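Undergrad: Okay, here's the prediction I keep looking at, along with the sequence it came from:
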Amino acid sequence: MQDCMFCKIIKGEIPSHKVYEDKDTVAILDIRPINAGHTLVVPKKHSTDLLDIDDEDLKKAIVVVKRVAKAIKEAVNAQGINLGMNNGKAAGQLVFHPHLHVMPRFENDGYKHWAGKDISGEELKSLAEKIKKKLL
Ligand code: ZN
């Protein structure tokens, strides 16, 4: 993809701080980290998001995520790791090439869990049915 920032990074046309690379996947430092060590794991083959990525590329990427998470935890003495993946504009995706955020976390680093909404048992039951039908 011509205008894809991650494709350009993968080709070396845009500089990055690579922490890992193999033939299918790269891991680079996020230039706007939530905490020091925040890394993006990026499959090399272009697609747009989780719903579009090839299953094999995704499997390879998630294994790299695990390795990178362990390395980050040790490198910055993180107490926890969050994973994140924004899929679609409404979910905050900025670069439309799939990437997984591996984010080191520390006690009292100021971040909070998502705020949950109230939902009725009836609504949960109906949602479960709707989703299950789509998985058949
Ligand atoms: Zn791309």
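TA: Cool, the structure landed. All of these numbers come straight from a predicted model, not from anything done at the bench.
Undergrad: and the protein, which residues reach the ion?
TA: Contact residues (C-beta under 5 Å from the ion) of the chain with the ion: 1, 4, 6-7, 46, 97. Every residue, glycine included, has its C-beta placed from N, CA and C.
Undergrad: Among the residues you listed, which pair sits farthest apart?
TA: Within the residues of the chain next to the ion, 1 and 6 form the most distant pair, 8.7 Å apart (C-beta to C-beta).
Undergrad: and residue 16, how many neighbours?
TA: By the measure other C-beta atoms under 10 Å, the count of residues near residue 16 is 19.
Undergrad: which phi and psi does it have?
TA: When read as degrees, to the nearest 10, the backbone of residue 16 gives phi -150, psi 170.
Undergrad: Apart from its neighbours in sequence, what residue is nearest it?
TA: Counting by C-beta to C-beta, 6 or more residues apart in numbering, residue 16 lies nearest to residue 28, which is 4.3 Å off, once chain neighbours are set aside.
Undergrad: Quick one, grab the pLDDT at the spatially most central residue of the chain.
TA: Closest residue to the average C-alpha location of the chain: residue 100 at 1.7 Å, with C-alpha atoms, centre = their mean. Residue 100 is assigned a predicted lDDT (pLDDT) of 98.
Undergrad: Next: the one 5 residues further on.
TA: The score at residue 105 is 98. That number is its pLDDT.
Undergrad: got the contact list for it?
TA: 35, 78-82, 111 (C-beta atoms under 8 Å, 6 or more residues apart in numbering).
Undergrad: Put the buried members of the residues of the chain next to the ion into a ChimeraX selection.
TA: For the buried members of these, the matching ChimeraX selection, counting by 16 or more other C-beta atoms under 10 Å, is:
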select :6,7,97
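Undergrad: gap between the two ends of stretch 43-63?
TA: Start and end residues of stretch 43-63 are separated by 11 Å (C-alpha to C-alpha, to the nearest Å).
Undergrad: ok, now how distant is the residue nearest to the centre of the chain from residue 20?
TA: 12 Å (C-beta to C-beta, to the nearest Å).
Undergrad: which residues are common contacts for those two?
TA: With C-beta under 8 Å, 6+ apart, residue 100 and residue 20 have common neighbours residue 41.
Undergrad: Am I right that residue 60 is in a helix?
TA: Yes. With DSSP: H, G, I helix; E, B strand; the rest coil as the criterion, residue 60 is part of a helix.
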